[in-house]
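Enquirer: Got a sequence here, can you build the structure:
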Amino acid sequence: MSNADLHVGSPRSRVDGPLKVTGQARYAAEFAAPGLLHGVIVSSAVTRGRILRIDASQALAVAGVVQVFTHENRPATAWFDYKYRDETAPPGSPFRPLYDDAIAFAGQAIALVVADDYEAARYAATLVRVDYATEEHFTNLELQREEAYTPPKKRNGVKPPPKPRGDADAALAAAPVKLQNEYSVAVEHHNPMEPHATTVVWEGDGKLTIHDKTQGSQNSQSYVASVFGLSSADVRVVAPFVGGAFGSGLRPQHQLFLAVMAALELKRSVRVELTRDQTFTLGYRPYTIQQLALGADLDGKLQAVKHDAVAGTSHFEDYQEVVVNWSGFLYDVPNAELTYRLAKLDTYTPCDMRAPGATLGVYALETAMDEIACELGLDPVELRLRNFNAKDKDEDKVFTSKELRACYAQGAERFGWSNRNPAPRSMREGRELVGWGMASGVWEAMMQKTAARVTVKRDGGVEVACATADIGTGTYTILAQLAADAFGLPLDKVDVKLGDSSLPKSPVEGGSWTAASAGSAVQAACESARKSLLKAARGLDGSPLGNADLDHVAFRDGRVVLASDAARGLSFSEILAGAGLDAIEEEESAAPSRITQMLYAGYTHSAIFAEVKIDEELGVVRVTRIVNAVAAGRILNPKTARSQILGGVVMGLGMALEEETLLDHTLGRFMNHNLAEYHVPVNADIHDIDVIFVEEHDDKVSPIGVKGLGEIGVVGTAAAIANAVFHATGKRIRDLPITIDKIIAP
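Expert: Just a heads-up that it's a prediction; the model follows:
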């Protein structure tokens, strides 16, 4: 194939797009089963305490109700904590639904009503009567921060802050320019379009097919098998499509436990679907308070950084994320002291939300950098260039690649940054103040061990199979592109199977590692399948490929041909028929290089430029332009890649201006637990978003040179918008979201 014919690197439309726009793609709560029962959860009305009495008699009297499960009659499940830990669980004791009479957080599931139809179950759930003994609860991080502690056990895959470098206190004291401020970000909930749901299909003899909203079918499978003492062979989890998750589907959520419990006990198929209200009882991005101090010389060269973060967690798990580490290596700072602590709250455990930790820590860092630039009268881009870091000093590793300078240059040029008047309140358009701000973005470029299977069929088509999920990121499409190029096929001749626990092993879909991980595994499996196909062709009597090796053949239009003479070759069907095979199937794994991991640090970088216009009298903010320049290695599909950045930018805008889950500390519960009152960006909020992919070659980060894009779009966006708000108004707001009341307050 010529470069013009290659799929990889070209903007291809999603191969799963037609299924989604025609409604043929089925999600967890859309799979049918004979005699399907419906379960509705009864949630706790108090935040902390115990259940004194639970009376389900009225609910059981409703026509169609089959059973009401509570802590008093639930089936026996695993005893030890480790049986409930999934592959992304933080240290601690995972939540066990209906385990006992204790209430640990508001909205906790305390009963499951199961009925022949959803309406009966929903009505009966309102008839369950509960008496509580309440206890004093604590949900206010501001009041509990004095009790914050350093987590005694680190969360797997989450790097704790590095040891102090140099003497940050002394350097800060000696710096001619310094600042120390507090920054905070409110609780955010994921609110994906598809609510969490599980449909368990009872196959008989204890065998289950489970349709779960999950970012890891094998993670849910192993959780179910472990908790309920089942063989993995008897549990199949299928999630071909996921209607958004943003991290909320990484861990098995409690509707999975409850649906499986009911199905096993009743020996019937059962569906449990959470309401939008109930999705607010799941994990969330935790409220985080940060103290950040920067010291610089008069030329803008950073001398010291101190960054401390305190975040809330539940009483039963130590949820952790990387918040402060970014301040130690994004810029060249000789003295750094970074600390991260947790405070116990009477809430459910937080969970990963798109770019966990980085959205918080980079927001504080990039806002502080803007403040230093203002103090020195330096252009914010120039300040960052003067502190450009060519090495990760936290881990003493060089970067696999870093085209952040090019991100600054190309983003600034596209945005027209040179036309910026640096003085706050100096730019206006009619009654609106105009502000321009910018920030850097950074996220880990990771890869996880992943397996994939490639099957070449007699009809000339190819099937790609991997257990990884596609949560809307375009994984179906990029894997099809890789296989199509490997075999010289059009995209419609490649069938991709994903989201099924019976497929080759894959970690959860998260961390922006899926393209690099699954893509590298598919490439490896394609290479093995190509070799096997050529070997079969060479073994045929009179084969025109008898003496050819892989370097001297080409795969084109379902044929293997000599590179020097395309007329001489054999079709896939001829090769397989001649060899007496129905198909050639190869499975391979791909994993990160240990040597590379020891020597190098891999990150995706970006530069975000934002324009805001603010009504001077009303304080209404409009984000009218954003330019996001991203360096992410090889771009497999510019069209789906751009969509990933667009989605991240929109979430960053929500973080900056709108998203805030409000806790009533008297009641200990979230108050705006619906999409009417939990504000997310809508079409009218989004104007011009321009995405630039900066050319970046990286032969170390992954076998296919790919860095993930799922998270980098949100990192830094809130800071760029907040900095633009300051430039427009002259008012620095350090607690997100920036709402009208904060802008117009004296």
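
Enquirer: Number of residues surrounding Gly229?
Expert: 12 (other Cβ atoms under 10 Å). Using the backbone N, CA and C atoms, a C-beta is placed for each residue, glycine as well.

Enquirer: Let me see the contact set for the residue nearest to it when sequence neighbours are not counted.
Expert: Nearest non-adjacent residue to Gly229, counting by Cβ to Cβ, 6 or more residues apart in numbering: Ala78, 6.6 Å away. Neighbour list for Ala78: 84, 226-229 [criterion: Cβ atoms under 8 Å, 6 or more residues apart in numbering].

Enquirer: Find me the pLDDT at Ala78, would you?
Expert: pLDDT recorded at Ala78 is 96.

Enquirer: And what about it, helix, strand or coil?
Expert: coil (DSSP: H, G, I helix; E, B strand; the rest coil).

Enquirer: Tell me the one among the contacts of Ala78 nearest to Ile210.
Expert: Nearest to Ile210 out of those is Phe228 (Cβ to Cβ; 11.2 Å).

Enquirer: That closest one touches Thr77, doesn't it?
Expert: Yes: contact criterion Cβ atoms under 8 Å: Phe228 and Thr77 qualify, at 6.1 Å.

Enquirer: So for these two, which residues contact both of them?
Expert: Here Phe228 and Thr77 share the contacting residues Met261, scored by Cβ under 8 Å, 6+ apart.

Enquirer: thought Val456 was touching Ala583?
Expert: Yes: if you go by Cβ under 8 Å, Val456 and Ala583 touch, sitting 6.2 Å apart.

Enquirer: okay, the two: which has more neighbours?
Expert: Between Val456 and Ala583, counted using other Cβ under 10 Å, the more crowded position is Val456 (28 against 15).

Enquirer: Where does the nearest residue to the more buried one once chain neighbours are set aside sit: helix, strand or coil?
Expert: Distances taken as Cβ to Cβ, 6+ apart put Ile584 closest to Val456, at 4.5 Å, once the chain neighbours are dropped. With three-state DSSP as the basis, Ile584 sits in strand.

Enquirer: can you tell me the helix or strand for Val649?
Expert: helix 638-657 (DSSP states H and E).

Enquirer: Toward the C-terminus, what is the element adjacent to that helix?
Expert: That would be, after helix 638-657 and using DSSP H and E, strand 663-664.

Enquirer: what does that next one rub up against?
Expert: Outside strand 663-664, the residues that touch it by Cβ under 8 Å, 6+ apart are 139-140, 187, 347, 669-671.

Enquirer: quick one: the top helix by length along the chain to helix 638-657, angle?
Expert: In the chain, with assignment by DSSP state H, the single longest helix is helix 514-538. Helix 514-538 runs at 170 degrees relative to helix 638-657, counting by axes from the mean of the first three to the mean of the last three Cα atoms, to 10 degrees.

Enquirer: Give me the buried positions along the following helix or strand past helix 514-538.
Expert: As assigned by DSSP H and E, the chain's next helix or strand after helix 514-538 is strand 553-556. By neighbour count on 16 or more other Cβ atoms under 10 Å, the buried set for strand 553-556 is 553, 555-556.

Enquirer: ok, the residues you listed vs Glu659, which is closest?
Expert: Distances from Glu659 to the buried residues of strand 553-556, taken by Cβ to Cβ, are shortest for Phe555, at 47.8 Å.

Enquirer: State the distance from that closest one to Ala111.
Expert: Distance, Phe555 to Ala111, by Cβ to Cβ, to the nearest Å: 58 Å.

Enquirer: Could you give the average pLDDT over stretch 257-274?
Expert: The model assigns stretch 257-274 a mean pLDDT of 98.

Enquirer: Distance from the chain centre to that stretch, please.
Expert: 28 Å (Cα atoms, centre = their mean, to the nearest Å).

Enquirer: For burial, what's the neighbour tally of the residue nearest to Val456?
Expert: Using other Cβ under 10 Å, Ile584 has 23 neighbouring residues.

Enquirer: same thing with Glu616?
Expert: 16.

Enquirer: cool, and Pro504?
Expert: Neighbour count for Pro504, taken as other Cβ under 10 Å: 24.
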